[in-house]
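Student: Model the following, please.
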Amino acid sequence: MDSVEQKYLRIRNDLQRGVFALSLVFLTGTLWYSLIEKWHWLDAVYMTVITLTTVGYGETQPLGDRGRIFTIALILAGVITIGYIVNRFTEALIEGYFIEGRRLRQQKKLVESLAEHFIICGFGRIGRQIAAEFAVEATTFVIADASLEQVRIAQMEGYNAIQADATLDETLLKMGVEKAACLVAALPSDAENLYIILSAKTLNPKIRAIARASNEEAVQKLQRAGADKVISPYITGAKRMAAAALRPQVMDFMDGIVASDRSFYLEEFLIDAEICPVAGLSLREARLRSQSGSLVLAVRRRDGSLIVGPTGETIIMAQDMLICMGTADQLRVLNRILDPLTPNTNQR
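Tutor: Got it, this is the predicted structure:
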């Protein structure tokens, strides 16, 4: 099934072809009356116009049999061409493709202006929940789904969505994959998610790619394809259910952090040695807890090693990733401490 954009482009091309054909018929008529019948060019133009519009004013100048046969052919060509244009124009008007065309142009302009945004491939049950979480976090994102119905649902919810096959390079480029910060492949098919990850990593090797998988074998294949993180809803769901049964208080605490109506948040902060005033200091010397109230839960070093439950003697080094927990206000204060040049970031 053609996408809305493809239908719009086809009707636009049909209208352009119709206008071109009418222009060719008009030029042919004018040249015939001017060159063959030896009329003045204004008379030739006038005769062509009244012939194509079939207003019935009669011949501008007397015509022989040859000229009348040509005029009959010109009338038929004009009626067919104008009828074709009217038909396509009426269809475009009834179907709302002029409005759709304006919306597509605005959407294209918006996507082209995006940078460091997120891409969601697939707006099924998983994709819809991801979009809802991104919206809560005020994250800039764009959605691609092959289903027109799903795209319309996404647009009704206020999301920027396009109907397209996300496995195609053309679609990813249209969504600004080269400038995107992260891509989430949330289609139900492992094979399609694999294609998306391969394409995204080829077009933008630096992009963070998250993929959905249905089983452990698919997890391994997607990781080999370059996915930075692979999530299996079935495996993850089973582990959470087991944890809820075995450690209910721990799960209640974790759900309070990750739920949409949470009062506490987990956030990560990258340490830039040129900007961050606490780079090179220990956590005790930095006094992040006393200044902001937020808690540093872990530190991921530049080499990928993870320090869980860092002590006061842990040194904050350049390119460290601090994983912190706190309220929205506490994390905003911490962000101003770690990055004083950009105090008004998208931290809640």
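Student: What segments of the stretch 101-250 of the chain are helices?
Tutor: With DSSP state H, counting those that start in this stretch as the definition, the stretch 101-250 of the chain shows helices at residue ranges 125-136, 148-156, 169-174, 190-203, 216-225, 233-246, 248-258.
Student: which stretch among those helices comes nearest Val55?
Tutor: When the helices of the stretch 101-250 of the chain are compared by Cβ to Cβ, helix 148-156 sits nearest Val55, at 43.5 Å. For every residue, glycine as well, the C-beta is placed using N, CA and C.
Student: Could you tell me the angle between that closest one and helix 125-136?
Tutor: Put simply, helix 148-156 runs at 20 degrees to helix 125-136, going by axes from the mean of the first three to the mean of the last three Cα atoms, to 10 degrees.
Student: Out of the helices of the stretch 101-250 of the chain, which is the most enclosed?
Tutor: Taking mean count of other Cβ atoms under 10 Å as the contact definition, the stretch among the helices of the stretch 101-250 of the chain with the greatest mean neighbour count is helix 190-203, which reaches a mean of 21.
Student: list the helices and strands that helix packs on?
Tutor: Under the contact definition 3 or more Cβ pairs under 8 Å, 6 or more residues apart in numbering; DSSP states H and E, helix 190-203 sits against strand 118-121, helix 169-174, strand 182-185, strand 208-212, helix 216-225.
Student: between those, which gets nearest to Arg88?
Tutor: Distances from Arg88 to each of these were compared using Cβ to Cβ; the minimum, 25.5 Å, belongs to helix 169-174.
Student: and the closest one, C-alpha only, in CSV?
Tutor: In CSV, the C-alpha atoms belonging to helix 169-174 read as follows (Å, rounded to 0.1, in the frame of the first residue of the first chain):
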residue,chain,number,x,y,z
ASP,A,169,18.2,3.8,4.2
GLU,A,170,16.1,6.5,2.5
THR,A,171,13.7,6.5,5.5
LEU,A,172,16.5,6.8,8.0
LEU,A,173,18.1,9.6,6.1
LYS,A,174,14.7,11.4,5.9
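Student: about what we covered before: could the helices and strands packed on helix 190-203 go into TSV alongside distance to Ala298 and mean pLDDT?
Tutor: Formatted as TSV, the entries for those read as follows, by distance: least, Cβ to Cβ, whole Å; pLDDT from 0 to 100:
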stretch	distance to Ala298	mean pLDDT
strand 118-121	23	95
helix 169-174	33	89
strand 182-185	20	95
strand 208-212	18	94
helix 216-225	22	90
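Student: got the helices of the stretch 101-250 of the chain as CSV, with distance to Glu37 columns?
Tutor: Compiled in CSV, those are given as follows (distance: least, Cβ to Cβ, whole Å):
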stretch, distance to Glu37
helix 125-136, 66
helix 148-156, 53
helix 169-174, 51
helix 190-203, 60
helix 216-225, 70
helix 233-246, 77
helix 248-258, 82
